[in-house]
Every structure is written in C-alpha cells, then in structure tokens.
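J.: Okay, here's the prediction I keep looking at, along with the sequence it came from:
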Amino acid sequence: MSVWQMNPNHTLAIFEAGISRPGEMDKLEKIIQPQWGVFTFMGEAHAEGFENMLQKAEEKLRLFKNSQLLFYCEDEEVIAEAVKKFISTTNHSLQTFTWGKSSRATVQVKEIQLENTVAHISLLYHQQPLAITIPFRDEASVHNAITCLCVLLHFKIAHGLIKERMKTLRTVEMRLELKQGINNCAIINDSYSADLNSFSIALDFLQQQEQYHRRTVVLSDLLQSGREATALYTEIAGLLAGKNLYRFIGIGPQIQNTTEDFIEELPLLQLHNETILLKGARVFRFEKISRALEQKQHETVLEINLNALRHNYNIYKQQLLPGVKLMAMVKAFGYGAGSY
C-alpha cells in the first residue's frame, strides 16, 4: 500500500519490511524491489517462526536478492555470516557498506562515550575522523544512529549537517520515553516493543536513572519469542537479578495479573518516589497503565468531523469504477487513542 503512494516526482522511497515466517521476503521483494538495503538491529521478535536466528537473518536477506548495496553492522556475527553466504550463493554483485569495531569495516567505531543523557561516538571513515553526539545513550539508539550515519555518508550528506541534525533527534513514542509520574515518580514507557533484547536495554536504561533509589519494573508476558516458557522466564529472572529492584510487577497469564487488576490495585501499591519501567506487549494495553501512572498536565480533546470524512470518501469513490469496493482501516488503537 505504501508503494502505491509513489509517483514520478519522488526521488527516494524508504520502506520498512518486517518478517514473521519464512517465504515472506520473497513476496515483498517483488513489490518493493529495493535498490539499497539497510539491515537494522535484529532482535528476537517473531522468533517462533524460525529454527534459529541464522535462519531468520537468511530469510530477511532475501529481500535484497536483486539489490545493489547493503548496509549492516559486521560486529553482529550471525548477520555477517548470513550476508557472506548470501553474496556467495544468491546475489554475487551485492556491494556492502559496513560499520563496526574492526578496521575492515567501511566505518570503524573507535570509541563510544556515555555521558548523562547523551552518547559521544567517534568514528573513522576513509581514514578521516568523524564524531557525532546523540541525545540518547541506550544500546539500540546508538546502533540505529550509526546505521543511519552510514546511509547518510553513502549519499554524501555533509558531515557538518549530519553532526548538527544528530543532536536534534527525538525519542520515539513508547520507546524509552521518560515522563513525570504521579506521587513524585518517574515513568519509563518502553512498551513500543516487547522482546528480550529490548528488555535488557530498557533495564540498563532504568539503572542509569538516579533520581530515586527505588526502581520498579512492570513487565508483561513476552509473546512470540519462540522460547519454551520455563527457559524464557528463567532468562528474564537472570536479567532482573542484581539490578537492585525495589519491586517487580507481572502482567499476563504466565506471570501474574491482568492490566485491569493492576490499575484497580494501584492505590494499594503506594507507588511514590521511584522510577517505574513499563515494558509490555501491545495486547496487554500498557497505554492504559501509562495513562494511569503519568502526571496529568493537560487534557486532549479529539474531534472527528464526520462531514469531512464523508466528503473525502466521496472524492475517492468518484475516482473508482462502478462496483469497486472501499475498505477503511484504522491503525491498532488509533495510534494510542484507545480501541474505542
């Protein structure tokens, strides 16, 4: 559907293509036909559809079987192994633009300094030093920023402009989003994704917060991990161990409560003077928990103009042949507005 929005005036199109089972990328490749490929951070989301992470990486790469250039981090051994095999067996002419700690990488990462709420990244490109600062310090943000930098360097964007724009990056909603909460609490809303990789990163981010001595984790069941429950939650327990948490609250049938139970019991929990990490799969409606915990600073009113919707519908209808049907779609929960 995104491809249909392209027209002859466009000079660049950027598409995100996800995968949950083998064979999907072969179909998407025919639709998107990417000239360049960007392999971003590969987490464990949707891992249940694959035998292992190597198979998942190999399936993802099939999107680039006719591409000219591929960007990726060569420090990620599974991806590097899959790319090497992919070039030798499938796309012999595929060029690579890599980044990593090794001097073999196109962009070599020399040093990453974490300071308060920022990360200073020193790199080497064509033997020339390059430095950027981003207003984040978590592993995923650093990884994404360097990947983005590589794409910009390939397109010959001026170093000065890259450096300036990197400083102005903003947090993605529901991804390590730090807000003021009720009862003098700080809320970290990281319910954008729910897998072991992002949970580990979120725990590190929680440890970096020094406003309060108390730290609380609210975690839902992690779905689509492809892991047996006992092994999965043993690993989660291992991640939690040694984090000096004040309390842990589980949401979901595997762990403990429902979202509604938690909200109903909020007054009894006596949350105050603590940093609270919210990490939950979308199905558990963590936006309701976030709203209940955040300090209310304003009220938002959503007005829907039905006449305008009707007008827009008729405009589209006029462009179609008689008998062609229209289907309206609303993104899940209306982008956080709630299912109602």
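T.: Great, that's in hand.

J.: For the rest of this, base every contact and every neighbour count on C-alpha atoms.
T.: Fine.

J.: thought Gly100 was touching Val109?
T.: Yes: counting by CA atoms under 8 Å, Gly100 does reach Val109; the two are 5.5 Å apart.

J.: Pull up the overlap in contacts between these two.
T.: Overlap of the contact sets of Gly100 and Val109 (by CA atoms under 8 Å, 6 or more residues apart in numbering) is empty.

J.: what are the ranges of the helices in the stretch 151-300 of the chain?
T.: Using DSSP state H, counting those that start in this stretch, the helices of the stretch 151-300 of the chain run over residues 159-166, 196-208, 229-240, 259-269, 286-293.

J.: Report the distance from the fourth one to the chain centre.
T.: The reference is to helix 259-269. 28 Å (CA atoms, centre = their mean, to the nearest Å).

J.: same deal with the second one?
T.: Averaged C-alpha coordinates place helix 196-208 at 13 Å from its chain's average position (CA atoms, centre = their mean).

J.: could you say what helices and strands it packs with?
T.: Applying 3 or more CA pairs under 8 Å, 6 or more residues apart in numbering; DSSP states H and E, one finds that helix 196-208 contacts helix 139-154, helix 229-240, strand 274-279.

J.: What part of the chain, helix or strand, is modelled with the least confidence?
T.: The weakest-scoring helix or strand in the chain, judged by mean pLDDT, DSSP states H and E, is helix 333-336 (a mean of 60).

J.: Tell me where the stretch 1-150 of the chain has helices.
T.: Using DSSP H, counting those that start in this stretch, helices in the stretch 1-150 of the chain cover 24-32, 53-61, 77-89, 139-154.

J.: got the angle for the third one vs helix 53-61?
T.: Going by axes from the mean of the first three to the mean of the last three CA atoms, to 10 degrees, helix 77-89 is angled at 50 degrees with respect to helix 53-61.

J.: related to what we said a few turns ago, comparing the helices and strands packed on helix 196-208, which comes out most buried?
T.: strand 274-279 (a mean of 26; mean count of other CA atoms under 10 Å).

J.: C-alpha coordinates for that one, PDB please?
T.: Provided in PDB are the C-alpha atoms of strand 274-279 (Å, rounded to 0.1, in the frame of the first residue of the first chain):
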ATOM      1  CA  GLU A 274      10.500   5.700  42.500                       C
ATOM      2  CA  THR A 275      11.400   5.100  38.800                       C
ATOM      3  CA  ILE A 276       9.000   2.800  37.100                       C
ATOM      4  CA  LEU A 277       9.800   0.900  33.900                       C
ATOM      5  CA  LEU A 278       6.800  -0.200  31.800                       C
ATOM      6  CA  LYS A 279       7.600  -3.000  29.400                       C
END
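
J.: Output the below-cut-off pLDDT ranges for the stretch 201-340 of the chain.
T.: Applying pLDDT under 70 to the stretch 201-340 of the chain flags the ranges 224-226, 256, 297-299, 331-340.

J.: Could you give me the buried positions within stretch 153-165?
T.: Neighbour counts over stretch 153-165 (16 or more other CA atoms under 10 Å) mark 162-163 as buried.

J.: what about that stretch, start to end distance?
T.: 13 Å (CA to CA, to the nearest Å).

J.: Please work out the average pLDDT along that stretch.
T.: Throughout stretch 153-165, pLDDT has a mean value of 94.

J.: What distance do you get for Phe136 to Ala186?
T.: In terms of CA to CA, Phe136 sits 17 Å off from Ala186.

J.: ok, now Pro129?
T.: In terms of CA to CA, Pro129 sits 38 Å off from Ala186.

J.: Just put the helices and strands packed on helix 196-208 in JSON lines and tack on distance to Gly23.
T.: Formatted as JSON lines, the helices and strands packed on helix 196-208 follow (distance: least, CA to CA, whole Å):
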{"stretch": "helix 139-154", "distance to Gly23": "26"}
{"stretch": "helix 229-240", "distance to Gly23": "27"}
{"stretch": "strand 274-279", "distance to Gly23": "30"}
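
J.: of all those, which lies closest to Ala194?
T.: Ala194 lies closest to strand 274-279 among the helices and strands packed on helix 196-208, at 6.6 Å (CA to CA).

J.: Are there helices or strands packed against that closest one, and which ones?
T.: Using 3+ CA pairs under 8 Å, 6+ apart as the test, strand 274-279 ends up in contact with strand 186-189, helix 196-208, strand 214-220, helix 286-293.

J.: for it, the distance to its chain's centre please.
T.: Taking CA atoms, centre = their mean, one finds strand 274-279 lying 18 Å from the centre of the chain it belongs to.

J.: Kindly report the same for stretch 313-322.
T.: Computed by CA atoms, centre = their mean, the chain-centroid distance of stretch 313-322 equals 37 Å.

J.: now stretch 252-265
T.: 25 Å.

J.: now stretch 108-127
T.: 21 Å.

J.: how close does Thr171 sit to Thr216?
T.: 22 Å.

J.: Looking at those two now, which is surrounded by more residues?
T.: Thr216 (19 against 13; other CA atoms under 10 Å).

J.: would TSV of the helices of the stretch 151-300 of the chain with distance to Gly181 be doable?
T.: As requested, these are exported to TSV (distance: least, CA to CA, whole Å):
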stretch	distance to Gly181
helix 159-166	28
helix 196-208	15
helix 229-240	23
helix 259-269	13
helix 286-293	6
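
J.: For the residue nearest to Leu245 when sequence neighbours are not counted, list the residues it contacts.
T.: The shortest distance from Leu245 to any non-neighbouring residue, by CA to CA, 6 or more residues apart in numbering, is to Arg215 (5.1 Å). Neighbouring residues of Arg215 by CA under 8 Å, 6+ apart: 206, 244-247, 274-277.
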